[in-house]
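[1] fold the following and give me the result.
(one chain, ligands or ions: 1)
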Amino acid sequence: MTTPAVRSAAALRRRTLLGGALSLTAGLPAVVLSAGSAAADGSAAAGPSVLGCEEWGARPPKSPVKVLAARPQRIIVHHTATANLAEFGQNRAVALARAMQTYQMDTGGWIDTGQHFTLSRGAFVTEGRHESLAALRDGDRMVEGAHCSGQNTVAIGIENEGTYTSEVPPAEQYAALVALCAHICRQYGIRPYQIYGHRDFNSTQCPGDRLYALLPQLRADVAAVTGGDPTAPQWPLVRRGEVGERVRVLQCLLVQRGAVLTPDGAFGPATEEAVRAFQKLIGAGVDGVAGGQTWNQLCAPLAEGAVGEAVKAVQSRLSAYGFPTSADGVFGPGTRDRVVGFQAARSLPQDGVVDARTWSRLLV
Ligand SMILES: [Zn+2]
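    Numbers count the residues shown, from 1 in each chain. Next up is the predicted model:
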C-alpha cells in the first residue's frame, strides 16, 4: 500500500525543485521500449475483465490526472495491508475500491486513488486512478500514479487486497495477478523480469514477505504467457571504502540526478552523503550503501538520444568490456551498436536499450 513516505517524498521533491539539489527525474529521457506490443499493431487482446471507475462509482479526481506520453517501464506489486477477509464477491471488490479511494483522497491528500489497478481476494480487478484502463487499452501512454516514491512516472502499480506477511494470497487472486501482469506486459512491451515488489524501491514491508517471495514465480508464470527471460537483475552492494569502476558508475548516476560530485571512482564521505541524500529523496532505506533499492531507482533505461553523465558511465563500461566507445555522454548510433554487441555477448535481448538487466551486467 502507499505510505506517508510518498507524501514526504513529494514534499521533498517540491523543495528540491526550488532548491536545485537532487531530483527524481532530472535529465532522464523518456524511453519507449520496442518489445512487441499487441496494442501497437491494433490487435490488442481483450485481457482480464476490469471494472472501470464509472462502473464501480468512483468519485471524480480532485484535479485532472496527469497522462504521460510514454509507456511504463515496469510493474510494481503491492498488498493493501487490509484484513484477509473471506469475502470473495464483486461487491467486496467494489467496496474495497471505494474505501481505498476515500482513504487516499481524504486522509492521504492525493488527487485520486494512488495505484492503477486493484485486485480483490476474490480475483476481481478494478481500475484505480482514472484513465488507467484507457491508457492500458491503447498501450501508448500511462497515468502518473501515487503508489511508489520515485517510480510513479514509470511504473504501473497493482494493489492486491490482503496482508501477505505470513499468509499467501488465495489461488484465484494469484492466478488473476498473473493474468493481469501478463496483459500489462503485452500491452506496454514490458519484459516479465520488470515485475517488482514495492520494497525493491522504498523502505517498506509491502507487499509482505510471503507475496514478495512469490515474485520469482510470478515473473516465471508471466513469462510462460508472454515469453522472455524472467530472471531479475542482481545488484552489487557498493559502500564506503570501495574503489573502482562500479563506484565511478554510481557517482555518474548520482551526478545525473543532481548530486555535486566528481566521479573519481573512490567511495569517500562525499559519495556516501550523496547516496544518503538520494535514498532520502526516493523513500529508500537511508544507510549510505548502494544496494538493490538504490540501483533500481538510479538505473533508469537509456536509449539512443539520451545524454549526460549516465551515458558517459555506460560508454566507459562498454569500452572496458571490449566495445570501445567514446565517452562523450551522447547516446548516438555508435553507442547503440556497442550496446547491441555487449548484449549479444551476454545473451541479453539485443535491442540497444540499456535497461535494468543490461545495467546490472555492466556493473559486474
Ligand atoms: Zn506498497
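
[2] the residue in the stretch 1-150 of the chain positioned nearest to the ion: how many residues sit nearby?
    The ion sits closest to H78 of the stretch 1-150 of the chain, with a gap of 3.3 Å, by Cβ to the ion. Any C-beta I mention is one placed from the backbone N, CA and C, and that applies to glycine too. H78 has 27 neighbours, counted by other Cβ atoms under 10 Å.

[3] and whichever strand or helix holds it, how far out from the chain middle?
    With elements delineated by DSSP states H and E, H78 resides in strand 74-79, which encompasses its position. Chain-centre distance of strand 74-79: 8 Å, with Cα atoms, centre = their mean, to the nearest Å.

[4] circling back: ok, the residue of the stretch 1-150 of the chain closest to the ion to E161 distance?
    10 Å (Cβ to Cβ, to the nearest Å).

[5] from the stretch 251-364 of the chain, which residue is nearest to the ion?
    Counting by Cβ to the ion, the stretch 251-364 of the chain gets nearest the ion through G283, at 10.8 Å.

[6] that residue: helix or strand, and which one exactly?
    Applying DSSP H and E, one finds G283 in no helix or strand.

[7] what sits closest to it if chain neighbours are left out?
    S149 (3.4 Å; Cβ to Cβ, 6 or more residues apart in numbering).

[8] now do the SS call for the one you found.
    Classification of S149 by DSSP: H, G, I helix; E, B strand; the rest coil places it in coil.

[9] contact residues of the stretch 151-300 of the chain facing the ion?
    The stretch 151-300 of the chain has residues H198, C206 near the ion, with proximity defined as Cβ under 5 Å from the ion.

[10] the stretch 151-300 of the chain: strands as residue ranges?
    In the stretch 151-300 of the chain, the segments counted as strands under DSSP state E, counting those that start in this stretch are 155-160, 195-197.

[11] out of those, deepest packed?
    strand 155-160 (a mean of 27; mean count of other Cβ atoms under 10 Å).

[12] could you dump that one to CSV, C-alpha only?
    What follows is strand 155-160 as a C-alpha-only set of coordinates in CSV (Å, rounded to 0.1, in the frame of the first residue of the first chain):
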residue,chain,number,x,y,z
ALA,A,155,5.7,2.1,-13.1
ILE,A,156,2.2,0.6,-13.1
GLY,A,157,1.0,-0.1,-9.5
ILE,A,158,-1.2,-3.1,-8.6
GLU,A,159,-2.6,-3.3,-5.1
ASN,A,160,-3.5,-6.8,-4.0
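
[13] who does that strand pair up with?
    Strand 155-160 pairs in its sheet with strand 74-79 (parallel), strand 117-119 (parallel), by DSSP bridges.

[14] and this structure, what are its domain boundaries?
    Domain ranges of the chain: 31-226, 245-362, per automatic domain parsing.

[15] would you single out the least confident of those?
    Lowest mean pLDDT of the domains of the chain: domain 31-226, a mean of 93.

[16] what distance separates that domain from the middle of the whole chain?
    That offset, for domain 31-226, works out to 12 Å (Cα atoms, centre = their mean).

[17] mind checking which helix or strand the residue lying closest to G162 once chain neighbours are set aside is in?
    Of all residues not flanking G162 in the chain, N84 sits nearest, at 4.9 Å (Cβ to Cβ, 6+ apart). For N84, there is no host helix or strand (DSSP H and E).

[18] just use 802 as the starting number from now, easier for me
    Happy to do that; since the first residue is 802 now, the last one works out to N885.

[19] now do stretch 1100-1120: distance from first to last residue.
    This stretch, stretch 1100-1120, spans 19 Å end to end (Cα to Cα, to the nearest Å).

[20] tell me who's in contact with I877.
    Contact analysis of I877 by Cβ atoms under 8 Å, 6 or more residues apart in numbering lists H948, C949, Q952, A956, I957, G958, I959, Y997, G998, H999, D1001, F1002.

[21] got the CA coordinates for the strand holding H879 in PDB?
    Only the C-alpha atoms of strand 875-880 are listed here, as PDB (Å, rounded to 0.1, in the frame of the first residue of the first chain):
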ATOM      1  CA  ARG A 875       7.800  -1.800 -15.000                       C
ATOM      2  CA  ILE A 876       5.100  -3.200 -12.800                       C
ATOM      3  CA  ILE A 877       5.100  -2.800  -9.000                       C
ATOM      4  CA  VAL A 878       3.200  -5.300  -6.800                       C
ATOM      5  CA  HIS A 879       1.700  -4.100  -3.500                       C
ATOM      6  CA  HIS A 880      -0.500  -5.500  -0.800                       C
END
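
[22] and the next helix or strand past it?
    helix 891-903.

[23] give me the neighbour count for the closest residue to Q988 other than its chain neighbours.
    In this structure, Q988 finds its nearest non-sequential neighbour in G940, 4.1 Å apart by Cβ to Cβ, 6+ apart. Residues near G940, counting by other Cβ under 10 Å, number 18.
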